[in-house]
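1. Sequence unavailable; structure follows:
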C-alpha cells in the first residue's frame, strides 16, 4: 500500500495592522487591545533577539490504528534542531549536515516543524491574527496568565499535501501569555475545517515555552510540544516532544504524516566521531551540586553550579576528571495541591567542560539519594492517588499521568512533599550517558 505523506505549513504574508473581532463589545475591545498590544510588542522584541540557537529534541511517537481503542508507543527519535534566521533545520546530533525537512532524516511516521520559531513569528510578527478575542485570566503554577483566542486571516492557511491529494484549510488557535512579563507560555494551533478529501480530520500542535539562560542572556524558548493528527478513517498519530541542551551559536511550520511501521525507517546519518561533542553512551557520571537549590529562592531559568565528583574512565583513560565544571539550570519548579501539597523540581544538566573539551550532556539519573520530603521510586502519598514513576519519570494522579515529559535526556526530576523543595550543596547523583541517536544507525 502506498503510504500517505502530509506536509502542513502556513504561508507568510504581510502584517495585518488591526485584528478583527469575535463579536466583541466596545468595552471588551478596549480591554483586549490594552492587554494584547504589550504582549505583541514584547514578543516581537523577544523574537528579534532570539538569535541563532540549537537544541536536542527527544520525540516519543504514538500510534492508534483504525480498529484499536488505545494508542501505543512506536519509537523514540532524538534529533538536533537549529533555528537560524527565522527558519529551522534538522540533523542527527553531532552531524554537520542538516536539512530544513525532518523527513529527509526520518522517512516514516508523524514529524513536524514550526514549534521553535515558525508559529510565534506567524502570530506576533507576520501576518498576525486576523481575529483576536480576550477570553479572560487564568493561572498555572502560581503565575497569572492572559488567555486569548485567534484565527489567522484567510491568506494564512495550512496547506496539506498527502499521497491522495492536497488541501488548504484555515488555521486557528489560542495562547496564554504571562500577565507580568507579557511573554507567551503556551500556544495551540489547529485547523478550522477538516479536509475529508484527503482523510485528514484534525491537526493540533500544542507548545509550552519557558525562559532559558544561554551564555548569561535570558531567552524565551520552547520546552515541550505535543503534535496530534486524527484521520477520518480512525487512525491517530501523536508525538510528544521535549527539548533540552539548548545553546546559542554565533519558518515555516510543517507537519508530515506517514503510517509508521513497527520500527521507523530512518535515513542513514553521516559518521560521527565518538566524543566529538558527546560522551560515549553507557558511562556512569557522578555529578555533585556545589550550591544549595531551594524553592523559596529559586526560579525557573536560574543557573546552578555542579561538578564531576570523581574521575570517569573510558577505555582505561580518564575522559572526565574530578572537579570538571558542570553547567545546569532549573528547568521546572512548581507547587500544586492536587491531590496533596507537593512540589516538582527539574534540574537540567546542559554541558560538562573538561580541559579544552565541552560535552553536550545526554543522560538519565540512576541514583538519586534521599533528602527531607523527597519522594523516591516506589514511594507514594495519598495512597492510591499519587505515585512516582521511576527515578527519572513523571508521576500519576489517579492512574492518569500528570507529567508525561519526565524522561527528558539530561534532566533530573525531584518530587517533594509540601511546598519546600530543598537540595543541599554536596548533593550527588549518578547519571548514565545516553546515545545521541536512538535509531540504531539506520
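-> Nice, I can see it. Treat the numbers as computed from the prediction; the structure is a model and nothing was measured.
2. Low-confidence ranges, the stretch 51-200 of the chain, go.
-> 51, 85-86, 112-116, 141-142, 155, 159-164 (pLDDT under 70).
3. just the strands in it please.
-> Remark: strands assigned in the stretch 51-200 of the chain by DSSP state E, counting those that start in this stretch are 53-64, 72-84, 87-91, 111-112, 129-140, 143-152, 157-162, 165-178, 184-191, 200-214.
4. and the last one, what other elements does it pack with?
-> When contacts are defined as 3 or more C-beta pairs under 8 Å, 6 or more residues apart in numbering; DSSP states H and E, strand 200-214 sits against strand 157-162, strand 184-191, strand 217-231, strand 236-248, strand 325-336. To be clear about C-beta, it is placed using only N, CA and C from the backbone, and glycine gets the same treatment.
5. Go through that strand and flag the buried ones.
-> Buried residues in strand 200-214, counted by 16 or more other C-beta atoms under 10 Å: 200-201, 203-214.
6. for the strands of the stretch 51-200 of the chain, which one sits closest to residue 122?
-> strand 143-152 (7.1 Å; C-beta to C-beta).
7. Tell me which strands the closest one pairs with, and in which orientation.
-> Strand 143-152 has its sheet partners listed here by DSSP bridges as strand 129-140 (antiparallel), strand 165-178 (antiparallel).
8. Packed most tightly, which of the ones you listed would that be?
-> Ranked by mean neighbour count, the strands paired with strand 143-152 are led by strand 165-178 with a mean of 19 (mean count of other C-beta atoms under 10 Å).
9. and the gap between residue 286 and residue 431?
-> Taking C-beta to C-beta, to the nearest Å as the measure, residue 286 falls 8 Å from residue 431.
10. Comparing those two, which shows the higher neighbour count?
-> Counted by other C-beta atoms under 10 Å, residue 286 and residue 431 do not tie: residue 431 has more neighbours, with 24 against 17.
11. burial of residue 120, as a residue count?
-> Quick note: residue 120 (other C-beta under 10 Å) scores 23 neighbours.
12. Report the contact partners of it.
-> Neighbouring residues of residue 120 by C-beta atoms under 8 Å, 6 or more residues apart in numbering: 43, 47, 184, 187.
13. Just send the buried residues of strand 200-214 back as CSV, with distance to residue 296 too.
-> Shown next, in CSV, are the buried residues of strand 200-214 (distance: C-beta to C-beta, whole Å):
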residue, distance to residue 296
200, 49
201, 47
203, 42
204, 37
205, 36
206, 31
207, 30
208, 24
209, 25
210, 20
211, 19
212, 22
213, 20
214, 26
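14. right, and the pair among those residues with maximum separation?
-> Farthest apart among these by C-beta to C-beta are 201 and 213. That separation is 40.8 Å.
15. What's the end-to-end length of stretch 297-317?
-> End-to-end distance for stretch 297-317, by C-alpha to C-alpha, to the nearest Å: 40 Å.
16. Which positions in it come out as buried?
-> For stretch 297-317, by 16+ other C-beta under 10 Å, it's 298, 300, 301, 304, 306, 307, 308, 309, 312.
17. what angle separates the helix or strand where residue 343 lies from strand 325-336?
-> Using DSSP states H and E, residue 343 sits within strand 342-354. Using axes from the mean of the first three to the mean of the last three C-alpha atoms, to 10 degrees, the interaxial angle of strand 342-354 with respect to strand 325-336 works out to 170 degrees.
18. Which strands or helices does whatever helix or strand comes next after strand 342-354 pack on?
-> Per DSSP H and E, the first helix or strand lying C-terminal to strand 342-354 is strand 357-360. Judged by 3+ C-beta pairs under 8 Å, 6+ apart, strand 357-360 is in contact with strand 342-354.
19. list the contacts for the nearest residue to residue 28 once chain neighbours are set aside?
-> Leaving out its chain neighbours, the residue that sits closest to residue 28 by C-beta to C-beta, 6 or more residues apart in numbering is residue 134, at 6.8 Å. Neighbour list for residue 134: 28, 31, 32, 35, 36, 146, 147, 148 [criterion: C-beta under 8 Å, 6+ apart].
20. And these, which of them are buried?
-> 32, 35, 36, 146, 148.
21. returning to what we had before: the buried residues of stretch 297-317: which two are farthest apart?
-> 300 and 312 (29.4 Å).
22. Can you pull the domain assignment for this protein?
-> Split into domains by automatic domain parsing, the chain comes to 26-256, 284-433.
23. can you list the ones you listed in CSV and add distance to residue 277?
-> Formatted as CSV, the domains of the chain follow (distance: least, C-beta to C-beta, whole Å):
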stretch, distance to residue 277
domain 26-256, 5
domain 284-433, 5
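24. hmm, back to that, closest one to residue 408 among the helices and strands packed on strand 200-214?
-> The nearest among the helices and strands packed on strand 200-214, by C-beta to C-beta, is strand 236-248 at 4.4 Å.
25. Summarise which helices and strands the closest one is packed against.
-> By 3+ C-beta pairs under 8 Å, 6+ apart, strand 236-248 packs against strand 53-64, strand 200-214, strand 217-231, strand 342-354.
26. Output the buried residues of stretch 297-317 in TSV, with pLDDT appended to each entry.
-> Shown next, in TSV, are the buried residues of stretch 297-317 (pLDDT from 0 to 100):
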residue	pLDDT
298	91
300	83
301	82
304	92
306	96
307	97
308	97
309	97
312	96
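27. who's in contact with the residue minimising distance to the centre of the chain?
-> Centroid-nearest residue in the chain, with C-alpha atoms, centre = their mean: residue 224, separated by 2.1 Å. Applying C-beta under 8 Å, 6+ apart, one finds that residue 224 lies in contact with 207, 208, 240, 241, 242, 243, 405.
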